[in-house]
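>>> one predicted model, sequence on top.
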Amino acid sequence: MSKFFKVAAFCLCIATLNTTMAQIETSISNGQQNSLIDLSSVDKFFEISDKTSLNKDISEDEWNDLFSTLGYSIVGFNRVRRTIHQEMLMVAFSDNQQIKRDSILNLSTEDLQNDMITYLARLTLINFLDIKENQKELRLFRETYDFDAIKKLSVDRLKSFLIQPVDSLIIFPSIALICNEWGAWFSPSGIAFDLNFFYNSTEEKRTNTLAHEMFHTYRAKFVNWNIKSSLFQVLNKIQDEGIADLINKTDIESFMELGTPQEFIDFFVSTYDNTPQILSDLDVIVRSFINKEISEDRFNEKVENFEYSGHANGYYIAKLIRNVGLMDELLQTFYSPVEFLKLYNKAAKKENIYVLSDEFIKFVENLEKEQ
Ligand SMILES: [Zn+2]
């Protein structure tokens, strides 16, 4: 399976390209965050889908208007994504596109596996068809739902999760609802949330998803971003997503999204189940680097292959730590990937599963100290 699919599957909080924590910090310190729930992307989408249903042409200006709304800017629509979006909107909402619709829906997992564009197109089409099917309910929801009420609920959820939270650092993000594939996206200017996904979630799930995203921004204030090592970055992501997932996931099923092919579900589940083995493989790589058996370039290349978006392995480790009764320790050290691994080792000893070597722990401790 290509690296794209390893990363693409089940990333609920995909940062858009070029997003760095420094940008987020700047965005926050400039006071750009507010509680606005932006619906302009959704409104433009429905304008265009209404015209498409009547077989009317959409002008270039109308498309440009759609993609310049806040939600689409947060996701970062490049030319390829724009084309996918435009074509799938036509395929879903025109009444003369049945053959194309069926041919995309009938693609096999093998067809999709090495074709990122078709994979995204199919996910988008599946969501658009669902939006079309439920458009009456979605429009009513857009008119009647109290979007502001969720702010207090999600802030409270994050506060109750943390030990001694610093209230001033809990930032409620700007949120834009969009019609895209099923998911949510995060950038310095806010979170874009697919309307259909938002609508189909319970109030508790919406609250918890937002608290998960706020946790990332909160944690970013405490992390040492000067550490450039690829290994450290992978471990950092694993800790960040693993702890955040404890806020909004109840089990492995909670990661499943509409339209995700079975093979990707299987890949995610096996990555989760095989966490001790994956850590053992990582340990071997680190020790061969320490013993000068592989070059730094080769080491970095191998390490980067362990980045499965952080969720599967992170969630496994965080749950393991919680299950052996070390939740307080987990939350007290939520900003330190090294402490996360030390807690993993404590839990792994109890559970009789793979324990990371002392050399590995010492190596990452030194990475943290050197900066
Ligand atoms: Zn996340």
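Now that the structure is in, tell me what you want to look at.
>>> low-confidence stretches in the stretch 201-350 of the chain?
257-259, 261, 307-308 (pLDDT under 70).
>>> mind listing the strands in it by residue range?
Per DSSP state E, counting those that start in this stretch, the stretch 201-350 of the chain carries no strands over any range.
>>> and residue 295, backbone torsions?
Phi and psi for residue 295, reported as degrees, to the nearest 10, are phi -80, psi 170.
>>> what's the neighbour count on it?
Residue 295 is flanked by 10 other residues according to other Cβ atoms under 10 Å. Yep, even glycine has a C-beta here, placed from its N, CA and C like the rest.
>>> do the same with the one 10 residues further on
Residues contacting residue 305 under the criterion other Cβ under 10 Å number 13.
>>> which phi and psi does it have?
phi -70, psi -10.
>>> next: residue 292.
The phi/psi pair for residue 292 (degrees, to the nearest 10) is phi 60, psi 30.
>>> would you quantify the distance from it to residue 370?
Applying Cβ to Cβ, to the nearest Å, the value for residue 292 to residue 370 is 18 Å.
>>> likewise for residue 296?
The gap separating residue 296 from residue 370 is 15 Å, by Cβ to Cβ.
>>> what does residue 67 give?
From residue 67 over to residue 370 (counting by Cβ to Cβ), the distance is 44 Å.
>>> what about those two, which has more around it?
residue 67 (17 against 9).
>>> neighbours of the closest residue to that one other than its chain neighbours, how many?
Among residues not flanking residue 67 along the chain, residue 77 sits closest, at 5.1 Å (Cβ to Cβ, 6 or more residues apart in numbering). Counted with other Cβ under 10 Å, the neighbours of residue 77 add up to 20.
>>> quick check: residue 77 touching residue 83?
No - with contact defined as Cβ atoms under 8 Å, residue 77 does not count as touching residue 83 (9.7 Å).
>>> what do those two both touch?
Listed contacts common to residue 77 and residue 83 are nil; contacts here mean Cβ atoms under 8 Å, 6 or more residues apart in numbering.
>>> could you check how far the residue in the stretch 51-200 of the chain that the ion sits nearest to is from residue 142?
Of all residues in the stretch 51-200 of the chain, residue 186 sits closest to the ion, at 7.5 Å by Cβ to the ion. According to Cβ to Cβ, residue 186 stands 22 Å off from residue 142.
>>> neighbour count: these two, which is higher?
residue 186 (24 against 17).
>>> hmm, residue 213 and that one touching each other?
Yes - between residue 186 and residue 213 there is a contact at 5.8 Å, judged by Cβ under 8 Å.
>>> list the contacts of the helix or strand where residue 127 lies.
In the assignment (DSSP states H and E), residue 127 maps to helix 116-133. The contact list for helix 116-133 (Cβ under 8 Å, 6+ apart) reads 2, 4-5, 8, 49, 80-81, 84-85, 87-89, 91-93, 101, 104-105, 107, 111-112, 138, 179-182, 194-196, 258-260.
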